[in-house]
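**Student:** generate coordinates for the sequence data below:
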Amino acid sequence: MPTTFTTRTVPAHRPRDLLPQLASPDREIKLKALREVKNQIIGNRTKKLSFLELGAVPAVASILSAALIEPDSRFGSDDASIACKISNDYTSNILVQSAAALGSFACGFDAGVRAVLEAGAFPHLIRLLSNHDDKEISLVLFHFSFLFG
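**Tutor:** Numbering: from 1, shown residues only. Predicted coordinates for the structure are as follows:
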């Protein structure tokens with residue numbers, strides 16, 4: 001009897017399917033959607049345009065803005081609990097992914113640069129420079145070159 005092999009593939013998420021996930025109250029769904037958006041738009045002008053037309057840049061800018069205020073509002077500065085550590089890891093991932101996505105929208109794409117600036121993301125990216133995480137700072141500086149390069 002012949003043996004058949006099946007491979008399990010991850011379905012490609014269409015832009016219109018991912019956008020609502022960016023607004024999900026579930027943190028993991030939001031983070032996965034943000035990462036997927038970023039991965040799809042890197043080097044793909046067609047995908048960038050699709051996401052731009054759907055309003056993804058303001059959604060990503062909003063995620064970045066919320067993540068910047070989250071650590072201050074959810075936990076006290078002296079709280080060293082596991083919940084605080086988990087939240088800090090999540091927040092760091094959200095900051096990195098949203099900054100990378102915004103930079104990717106702007107990279108080599110004038111409409112993307114305009115969308116990032118019009119979404120009000122620039123002050124949030126500047127604020128990231130005051131963070132103590134070298135990864136976040138390096139990422140922001142790298143993506144500034146797309147906005148001003």
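
**Student:** C-alpha from now on. contacts and neighbour counts both.
**Tutor:** Will do.

**Student:** so what's the residue count around Glu53?
**Tutor:** Using other C-alpha atoms under 10 Å, Glu53 has 12 other residues around it.

**Student:** please identify the helix or strand for it.
**Tutor:** Using DSSP states H and E, Glu53 falls within helix 45-54.

**Student:** what do you get for Glu136?
**Tutor:** Glu136 belongs to helix 134-148, assigned by DSSP H and E.

**Student:** now that helix: average pLDDT?
**Tutor:** Average pLDDT, helix 134-148: 70.

**Student:** confidence score at Gly94?
**Tutor:** You called it Gly, but residue 94 is Ile. For Ile94, the pLDDT comes out at 93.

**Student:** for the one 5 residues further on, same thing?
**Tutor:** At Ala99, the predicted lDDT confidence score is 90.

**Student:** so it sits against Val140, correct?
**Tutor:** Yes. With contacts counted by C-alpha atoms under 8 Å, Ala99 reaches Val140, the gap being 6.6 Å.

**Student:** shared neighbours, these two?
**Tutor:** Jointly contacting Ala99 and Val140 under the rule C-alpha atoms under 8 Å, 6 or more residues apart in numbering are Leu125.

**Student:** what about those two, which has more around it?
**Tutor:** Ala99 (26 against 22).

**Student:** is the more buried one in a helix, a strand, or coil?
**Tutor:** Classification of Ala99 using DSSP: H, G, I helix; E, B strand; the rest coil returns helix.

**Student:** for the helix holding Glu53, packing partners?
**Tutor:** helix 15-22, helix 27-41, helix 110-118 (3 or more C-alpha pairs under 8 Å, 6 or more residues apart in numbering; DSSP states H and E).
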